[in-house]
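K.L.:
build me a structure from this.
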Amino acid sequence: MASKLICFLVIFSLTSLFMGASNAWLMQPDFYASSCPNVEQIVYNTMKQAVSKEPRMGASILRLFFHDCFVNMITPTFTGEKTAKANANNSIRGFEVIDAIKCNLEAACPQTVSCADILALASRDGVRLLGGPTWKVPLGRRDARTASLSLANQNLPPPRSSLANLTSLFARQKLKHQRNDRPLRRPHHRPRSLHQLPTPHLQRTPDIDPTFAATRQANCPKQAGNGDFNLAPLDRQTPNKFDNDYFQKTLFKNAVYYIRIKRLYNGGSQDSLVKKYSTNQAVFFQDLLQAMIKMGNIKLLTGTKGEIRKNCRVIN
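P.N.:
Numbering: from 1, shown residues only. From the prediction side, this is the model:
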């Protein structure tokens, strides 16, 4: 998984109110009950195959969901996102899985299920298959007819975004924050990470547990360009599980991205929330599932707006 996901996924687990989902009332979990009754099973079965083959894929699909929600409604074209500054290493992935789901659904229910709904369901199932929470996904989205590089550059946070910048980006999406306005970037636990960005931090070890740092330095050489695309687990105990382990590791400076999260856990107002999530996984899961639903309501296209794509990569 590319380091970008570590850097900005997500403060959603702390969002409390979405103010812009004027069309959300049109969305229902049983939207396809008559037109495509097996939609959720088809999506789940395809995701199960993909995640069984490569656990990292569950997180990759989740990242696609985040990107497209923030850039241009939910529609997995990613023409603009692929070349955005936040994706300079072309690290978003999982397109072939969305293609496979769409192909299976077209065989069962031709031109019925939107690519936007496919991505929303696949993201939920990716989390579920890695041991995380599940939730009912409101359905009824339609696909956008555009994808924008400029919007991607405006709305996707760069890897080293400050807390203030992240808060501003969420405000731009008309998201307000709960928990005393404590946004938290957290890597929705994925199995592995690329080391393009954290390598310098690993070589400057005072802020990281030295034993943990030593185990990573061998795989992430100090020399620029050496090992940039090497993969290493974010934690050694549960590398393929979606859980609250990252918060626990953060408390002990035993996480690849401790340097970045320490701006949130460094004697400030966010410390209590990091501690709460580290000791109460159920609270983290509950906040997360509510936030994921709200994220899926950003800039909705419903009714007769947009289209139902035959191919998720191109407009009809």
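
K.L.:
how about low-confidence regions in the stretch 201-316 of the chain?
P.N.:
Applying pLDDT under 70 to the stretch 201-316 of the chain flags residues 201-236, 249-270.

K.L.:
and the strands in it?
P.N.:
In the stretch 201-316 of the chain, the strands defined using DSSP state E, counting those that start in this stretch lie at 231-233.

K.L.:
just the helices in it please.
P.N.:
Under the criterion DSSP state H, counting those that start in this stretch, the stretch 201-316 of the chain contains helices at 210-217, 245-251, 258-261, 271-279, 281-295.

K.L.:
who does the fourth one touch, helix- and strand-wise?
P.N.:
For helix 271-279, the packing partners by 3 or more Cβ pairs under 8 Å, 6 or more residues apart in numbering; DSSP states H and E come out as helix 245-251, helix 281-295. Every residue, glycine included, has its C-beta placed from N, CA and C.

K.L.:
buried sites along it?
P.N.:
By 16 or more other Cβ atoms under 10 Å, the buried positions in helix 271-279 come out as L273, V274, Y277, S278.

K.L.:
tell me which two in the residues you listed are the farthest apart.
P.N.:
With Cβ to Cβ as the measure, no two of the buried residues of helix 271-279 lie farther apart than L273 and S278, at 9.5 Å.

K.L.:
strands along the stretch 51-200 of the chain, start to end?
P.N.:
For the stretch 51-200 of the chain, strands defined by DSSP E, counting those that start in this stretch occupy the ranges 175-177, 192-194.

K.L.:
and the ones you listed, which one is worst for confidence?
P.N.:
When the strands of the stretch 51-200 of the chain are ranked by mean pLDDT, strand 192-194 comes last with a mean of 44.

K.L.:
gap between the nearest residue to L301 once chain neighbours are set aside and T302?
P.N.:
Excluding its sequence neighbours, the residue lying closest to L301 (Cβ to Cβ, 6 or more residues apart in numbering) is R142, at 4.4 Å. Per Cβ to Cβ, to the nearest Å, R142 is found 6 Å from T302.

K.L.:
quick one, which of those two is more surrounded?
P.N.:
Taking neighbours as other Cβ atoms under 10 Å, R142 and T302 compare with R142 leading, 23 against 18.

K.L.:
that one against E307, yeah?
P.N.:
Yes: checked against Cβ atoms under 8 Å, the pair R142 and E307 is within contact range at 6.2 Å.

K.L.:
pick the most deeply packed of the helices and strands packed on helix 271-279.
P.N.:
Highest mean neighbour count among the helices and strands packed on helix 271-279 (mean count of other Cβ atoms under 10 Å): helix 245-251, with a mean of 21.

K.L.:
helices of the stretch 1-150 of the chain, residue ranges please.
P.N.:
Along the stretch 1-150 of the chain, counting by DSSP H, counting those that start in this stretch, helices occupy 3-8, 39-53, 56-71, 95-108, 115-129, 149-155.

K.L.:
out of the ones you listed, the one nearest G296 is which?
P.N.:
helix 115-129 (5.0 Å).

K.L.:
and that closest one, what does it pack onto?
P.N.:
helix 39-53, helix 56-71, helix 95-108, helix 281-295.

K.L.:
rerun at 6 Å
P.N.:
helix 39-53, helix 56-71 (3 or more Cβ pairs under 6 Å, 6 or more residues apart in numbering; DSSP states H and E).

K.L.:
kind regards, and thank you for your time.
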